[in-house]
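Q: Sequence first, predicted model second:
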Amino acid sequence: MDNLTVEAIELTRLYGGRAAVSDVSFHLAKGQVLGFLGPNGAGKSTTMKMLTGNLAPSAGSVKICGIDMMEHPKEAKALIGYLPEMRPLYKEFTVDEYLTIAARLHKVSSKHIKKAVESAKERCGLTHMSKRLIENLSNGYQQRVGIAQAIIHNPMVVILDEPTVGLDPIQIRDIRALIKEIGQEHSVIVSTHILPEVEMVCDHVQIIDKGKLVFNGGIDVLKRQRVGNKLVLGFKNPPSESALLQIPGIAEVEQVEGMIRVRFTESSMPHEAIVETSVREGWGLYQIAPDQTSLEDVFVQLTYQEAVPVEEKAA
Amino acid sequence: MVISIARKELKSMFASPMGWIILALLMFAFGTYYLNGVNNYFEVMSGSIRPAERYGVTQFVGQTVYGVASFIMLFAVPLLSMRLISEERRSQTMPFLISAPLSLTEIVVGKFLGLVLFLGILILYIALMLSTLNIWSDIDFGYIIANSVGLFLLVASFSALGLYFSSLTSQPIVAGILSFIALFVLMILDRFFAGDPTNVLSQLSLMKHFQSFAGGLIDTADISYFALFIITFLTLTIRRLDADRLRG
């Protein structure tokens, strides 16, 4: 149990009687990356604010490495690095000045401040921006400064609220690599609405909708959760549907934009059989890939089930 | 940790030309009055025939400079204090401070200290400027010290009140105007009760308590008034910020 870095116990937050977050419980162990998913207004940011002590929960409690956030806020906050949704940057400072202040406020000893600033800049790719005013940096670089600020004191838990918003693809890749790197030694909580991102960087996923936790588990569990696994196949000489259905494990076949999408039953792995049959029958298989939209399907299934009729009405 | 916040505030004042310009302009104003005071001294003193009407150059010049300083601070402090918290709210940088391992008290006291130190530079300069009179005459340093202490306490009280109003809104201008009005009322409150000096409300006037310092007297009663005033508004600010955390 002493491996746990974050424990949230029945967190509830009421806004004027309406529950923005209700009864959210989870825990996170050292070396895990937790992805926090949910539609807009689901309560992702509210939960993160409660975890970092920016907002007091109406009920429930938060423990960081066993230290209660309510009772010992200073000790608990010292273990957290937090990047809120809106970057908290003082734009009149240069990158170096800002990071030095961040280090000092997070009680990095004065001997190590310089080193901490250097290493944070290096990890976020900011070394050549040291003397620039934050105001003059591009959106993506400002975001990097925000992340640098969150990791400067080498915290046990890093909480990033939508860290990849506004970055270009290369930067996103760098940041993801960085999150993974941090996740090896510490715990990371990332909120996002980009699904592939979750698949790439997280080992654990939580989906929150209307303030309630609707899914909590490993990323592989989430992948398995989708109803029927799907493959997208491309053939030069497409076989008939019935021919495909004869391959053991395949439950359904449908045509999509010149491709064929097949759904196979749980626990069967028909991939090899498909390739073998294709070679034998001369179908000219040129593509076989898992269906990319699968995670989105799960997400929609979990969150929009009730919302859909309402949306139709509005339209 | 309070020091770190104060340093951050000072740094941000001097990060833009704003801080320097304000210091320069205010010192220019004080310097002008100092010069006028020195110029007028002989004129006025040669006009007063009876020895009882004559008084020292320290008091004559000091009165002019400290009088105008307390009045100018009434405008300057709201302008400087209005940004302290409302600007952080507006640019959403408050979480940066709140998620750092600091208590709200440390944040508020640090910000207060940062502003007071900045204004302290001015008070120190005024004292130094008046001390230059010592080159030509033998001046009353006690008078300057009492006035400096008084002005410092007055300015600190202004800052505490300004900080509180800054925590109420996310619009710096609104905070500035509100604190200016509140300070103005508190300054001239004793004028309203000129006919009845024993009235409790007139005792609340900031100017009334500054008066004894202006006369060269350091009175513990006035010191405690200013200390209480500062503590009250700092506590209110802390409570206001805590309410944000609790109510969102």
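A: Good, I have the coordinates. Residues are numbered from 1 along each chain as shown, chains lettered A, B, ... in the order given.
Q: mind listing the helices for the chain?
A: Since no chain was named, I'll use chain A. Along chain A, counting by DSSP state H, helices occupy A:44-51, A:73-77, A:95-105, A:113-123, A:139-151, A:169-185, A:195-201, A:219-225, A:241-245, A:271-281, A:294-303, A:307-314.
Q: Chain B, not that one
A: In chain B, the helices defined using DSSP H lie at B:2-15, B:17-47, B:57-81, B:83-90, B:94-98, B:104-131, B:141-168, B:172-192, B:200-203, B:206-214, B:220-247.
Q: what's in contact with the worst-scoring helix or strand of chain B on mean pLDDT?
A: None of the helices or strands of chain B scores lower by mean pLDDT, DSSP states H and E than helix B:200-203, at a mean of 78. Here helix B:200-203 makes contact (CB atoms under 8 Å, 6 or more residues apart in numbering or on different chains) with B:Leu189, B:Asp190, B:Phe192, B:Phe193, B:Asp196, B:Lys208. Bear in mind the C-beta positions are built from the backbone N, C-alpha and C, glycine included.
Q: And for stretch A:93-113?
A: Outside stretch A:93-113, the residues that touch it by CB under 8 Å, 6+ apart are A:78, A:81, A:89-90, A:116-117, A:120-121, A:126, A:129-134, A:137, A:145, A:148-149, A:152-153, A:155, B:1, B:4-5, B:7-8, B:11-12, B:15, B:96-97, B:100-102.
Q: From these, keep the buried residues only.
A: A:78, A:81, A:89-90, A:116-117, A:120-121, A:126, A:129, A:134, A:137, A:145, A:148-149, A:152-153, A:155, B:1, B:4-5, B:7-8, B:11-12, B:15, B:96-97, B:100-102 (16 or more other CB atoms under 10 Å in any protein chain shown).
Q: how far away is the residue nearest to the spatial centre of chain B from B:Met129?
A: Nearest to the mean C-alpha position of chain B, counting by CA atoms, centre = their mean, stands B:Val155 at 1.3 Å. As judged by CB to CB, to the nearest Å, B:Val155 and B:Met129 stand 16 Å apart.
Q: Can you name the residues that contact residue 124?
A: Unless you meant another one, I'm taking chain A. Per CB under 8 Å, 6+ apart, neighbours of A:Cys124: A:Arg144, A:Val145, A:Ile147, A:Ala148, A:Ile151, A:Leu178.
Q: wait, I meant chain B there
A: B:Leu124 makes contact with B:Ser148, according to CB under 8 Å, 6+ apart.
Q: Touching, B:Ile3 and B:Gly110? I think so.
A: Yes: B:Ile3 lies in contact with B:Gly110 (CB atoms under 8 Å); the separation is 7.3 Å.
Q: Looking at the helices of chain B, which is nearest to A:Asp23?
A: helix B:220-247 (19.6 Å; CB to CB).
Q: What mean pLDDT does the closest one get?
A: The average pLDDT for helix B:220-247 rounds to 92.
Q: same check, this time on stretch A:210-217
A: Stretch A:210-217 carries an average pLDDT of 82.
Q: now swap in stretch B:4-11 and tell me
A: Stretch B:4-11 carries an average pLDDT of 92.
Q: what about the residue of the stretch 201-315 of chain A found nearest chain B, neighbour count?
A: Per CB to the nearest CB, A:Gly211 is where the stretch 201-315 of chain A lies closest to chain B, at 13.7 Å. By the criterion of other CB atoms under 10 Å in any protein chain shown, A:Gly211 has 23 neighbours.
Q: how about the residues of chain B that lie near chain A?
A: For chain B, the residues in contact with chain A (CB under 8 Å from any CB of the partner chain) are B:1, B:4-5, B:7-8, B:11-12, B:15-16, B:91-103, B:245-246, B:248.
Q: so who does residue 216 touch?
A: Assuming you mean chain A. Taking CB under 8 Å, 6+ apart, one finds A:Phe26, A:His204, A:Val205, A:Gln206, A:Ile207 in contact with A:Asn216.
Q: nope, chain B please
A: B:Gly216 touches B:Gln59, B:Asp140, B:Gly142, B:Tyr143, B:Ala146, B:Asn147, counting by CB under 8 Å, 6+ apart.
Q: Quick one, grab the pLDDT at the third one.
A: Put plainly, it is B:Gly142. Here, the pLDDT recorded for B:Gly142 equals 91.
Q: pLDDT on stretch B:85-97, on average?
A: 91.
Q: for stretch B:108-123, same thing?
A: Across stretch B:108-123, pLDDT averages out at 94.
Q: Same question for stretch A:35-42.
A: Rounded mean pLDDT across stretch A:35-42 is 82.
Q: Can you name the residues in contact with that stretch?
A: If you take CB under 8 Å, 6+ apart as the criterion, stretch A:35-42 is touched by A:44, A:47-48, A:189-193, A:195, A:197-198, A:201-202, A:204-211, A:219, A:299, A:303-304, A:307.
Q: and the residue of chain B found nearest chain A, what is it in contact with?
A: As assessed by CB to the nearest CB, chain A sits closest to B:Phe96 within chain B, at 3.5 Å. Neighbouring residues of B:Phe96 by CB under 8 Å, 6+ apart: A:Pro88, A:Ala102, A:Leu105, A:Gln149.
Q: Alright, calling it a day.
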